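Novice: predicted structure and sequence below. I'll ask about it afterward.
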Amino acid sequence: MLTHTIQFRVRYGETDQMGYVYYGNYAQYFEMGRVEWLRNLGTSYKRMEESGIMLPVLNLNINYLKPGKYDDLLTLKTTLIKKPSVRIEFNFELFNEQNELLTEGYTSLVFIDMKKNKPTRVPTYILEKVNTFFD
């Protein structure tokens, strides 16, 4: 498995009236994790789109265990859970500064050829980088 970790602080505008992270913001946090996971791999969403590949979400699951709060420093761990093919799948774990697990998540995404608007296989340059972790 290939894992990457980022940290960020909860901003006031990301919280509800109780000072808790609004539930809809977790999808954006997971996107931040995926974007930085790809960047850490040596590529980017931008590069994929420029090469004619987009990566829409097929599935998103979130388990809320404890609330994130305003001004918390959160750590998001993004893990590729299996070798990508036409789909790519990630698990997410979000921790607070006390290393308490706040939220768990999962997303599956599909590689789409933008010209044909149809699913396509994972780009070779991504597969080559992740193969070493699955062999």
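Specialist: Happy to help now that I have it. Numbers count the residues shown, from 1 in each chain.
Novice: use CA for all of it now, contacts and neighbours both
Specialist: Noted.
Novice: what's the weakest-modelled helix or strand in this structure?
Specialist: Sorting the helices and strands of the chain by mean pLDDT, DSSP states H and E puts helix 124-134 at the bottom, at a mean of 88.
Novice: now do it: everything it contacts.
Specialist: By Cα atoms under 8 Å, 6 or more residues apart in numbering, the residues outside helix 124-134 that reach it are 1-2, 41, 43, 82-84.
Novice: from those residues, which would you call buried?
Specialist: Listed as buried from those are 2, 43, 83-84; burial here means 16 or more other Cα atoms under 10 Å.
Novice: for the residues you listed, which two are the farthest from each other?
Specialist: Farthest pair in the buried ones among the contacts of helix 124-134 (Cα to Cα) is 43 and 83. Separation: 16.5 Å.
Novice: so the residue positioned nearest the centre of the chain: helix, strand or coil?
Specialist: Nearest residue to the geometric centre of the chain (Cα atoms, centre = their mean): residue 34, 3.0 Å. Secondary structure for residue 34, judged by DSSP: H, G, I helix; E, B strand; the rest coil, is helix.
Novice: so who does it touch?
Specialist: Residue 34 neighbours (Cα under 8 Å, 6+ apart): 78, 90.
Novice: let's go with 6 Å and repeat that
Specialist: For residue 34, no residue meets the contact criterion (Cα atoms under 6 Å, 6 or more residues apart in numbering).
Novice: residue 68 now?
Specialist: 20-21.
Novice: can you do 7 Å?
Specialist: By Cα atoms under 7 Å, 6 or more residues apart in numbering, the contact set of residue 68 is 20-21, 102.
Novice: and for stretch 94-108, what's in contact with it?
Specialist: 57-68, 72-77, 87-93.
Novice: please, a ChimeraX command that selects the buried ones among those residues?
Specialist: Remark: buried members of the contacts of stretch 94-108, expressed as a ChimeraX selection using 16+ other Cα under 10 Å:
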select :62,68,72,73,74,75,76,77,87,88,89,90,91,92,93
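Novice: need the pLDDT of residue 3.
Specialist: Per-residue confidence for residue 3 comes out at a pLDDT of 95.
Novice: against residue 76, how distant is it?
Specialist: Between residue 3 and residue 76 the distance, using Cα to Cα, to the nearest Å, works out to 10 Å.
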